[in-house]
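**Student:** Let's see this in three dimensions:
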Amino acid sequence: MPRRKKPKNIQEDGDLAKQIRKFARGLYYTSETDAKISLFVGKKAQAVTKEVLLSQTAKSDDVPVEERDFEEFFSPLTKTQDWFGDEEKQATQKFSDLKVLLEKNLKDLKVFKIGQIELDIYIVGLDEKSILTGIKTKAVET
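**Tutor:** From the prediction side, this is the model:
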């Protein structure tokens, strides 16, 4: 698989990037492993597409990519269950706050799962300057 040259992230110290970093601090995405949620800032883009994301993340064009719905992705992360303790309730609130932050500041939000079994997950949209921005994490799904 040919790899693309890894692009340099730009605009990482912008106000939105700082807010995303702050809201994502301490959050983990749970699958067959727990993975940290972190900031992703790419480059300027015309649209949010899998081709743009693959290009900006230096991934091969032939890697499997599945697009998921933003609301569907966040639904289990933001729903409080009766059996939740304080820690789970706090995490649910933090995910809710992060979701609102992304919705208010990014347009055309999409979720992309890249790869098979060991996945890279990107939740991205375009900021006010059309910079591909959002969060990223990993998952293991067998």
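**Student:** Could you measure from Tyr29 over to Ala35?
**Tutor:** 5 Å (CB to CB, to the nearest Å). Every C-beta, even on glycine, is put in place using the N, C-alpha and C of the backbone.
**Student:** which residues are in contact with both of the two?
**Tutor:** Thr137, Lys138, Ala139 (CB atoms under 8 Å, 6 or more residues apart in numbering).
**Student:** Isn't the first one up against Ile121?
**Tutor:** Yes: with contact taken as CB atoms under 8 Å, Thr137 and Ile121 are classed as touching, separated by 5.0 Å.
**Student:** so what sits against both of these two?
**Tutor:** Tyr29.
**Student:** Lys59: which element?
**Tutor:** Under the criterion DSSP states H and E, no helix or strand holds Lys59.
**Student:** Is the closest residue to it other than its chain neighbours bridged to anything, and to what?
**Tutor:** In this structure, Lys59 finds its nearest non-sequential neighbour in Ile114, 6.0 Å apart by CB to CB, 6 or more residues apart in numbering. Taking DSSP bridges, one finds Val65, Asp120 as the beta-bridge partners of Ile114.
**Student:** Tell me how far Ile114 lies from Ile135.
**Tutor:** 14 Å.
**Student:** Next, show the common contact partners of the two.
**Tutor:** Common neighbours of Ile114 and Ile135 (CB under 8 Å, 6+ apart) are Tyr122.
**Student:** ranges for the helices of the protein?
**Tutor:** 15-24, 50-56, 70-78, 86-105 (DSSP state H).
**Student:** Columns mean neighbour count on top of those helices, output as TSV?
**Tutor:** TSV is the format used below for the helices of the chain (neighbours: other CB atoms under 10 Å):
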stretch	mean neighbour count
helix 15-24	17
helix 50-56	18
helix 70-78	15
helix 86-105	15
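**Student:** Ok, which of the ones you listed comes nearest Lys129?
**Tutor:** helix 15-24 (9.6 Å; CB to CB).
**Student:** how about that closest one as PDB, C-alpha atoms only?
**Tutor:** Extracted C-alpha coordinates of helix 15-24, given in PDB (Å, rounded to 0.1, in the frame of the first residue of the first chain):
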ATOM      1  CA  ASP A  15      -9.500  29.000  20.000                       C
ATOM      2  CA  LEU A  16     -11.700  26.200  18.700                       C
ATOM      3  CA  ALA A  17      -8.800  23.700  18.800                       C
ATOM      4  CA  LYS A  18      -8.200  24.700  22.400                       C
ATOM      5  CA  GLN A  19     -11.800  24.200  23.300                       C
ATOM      6  CA  ILE A  20     -12.000  20.800  21.600                       C
ATOM      7  CA  ARG A  21      -8.800  19.700  23.400                       C
ATOM      8  CA  LYS A  22     -10.300  20.900  26.700                       C
ATOM      9  CA  PHE A  23     -13.600  19.200  26.200                       C
ATOM     10  CA  ALA A  24     -12.000  15.900  25.000                       C
END
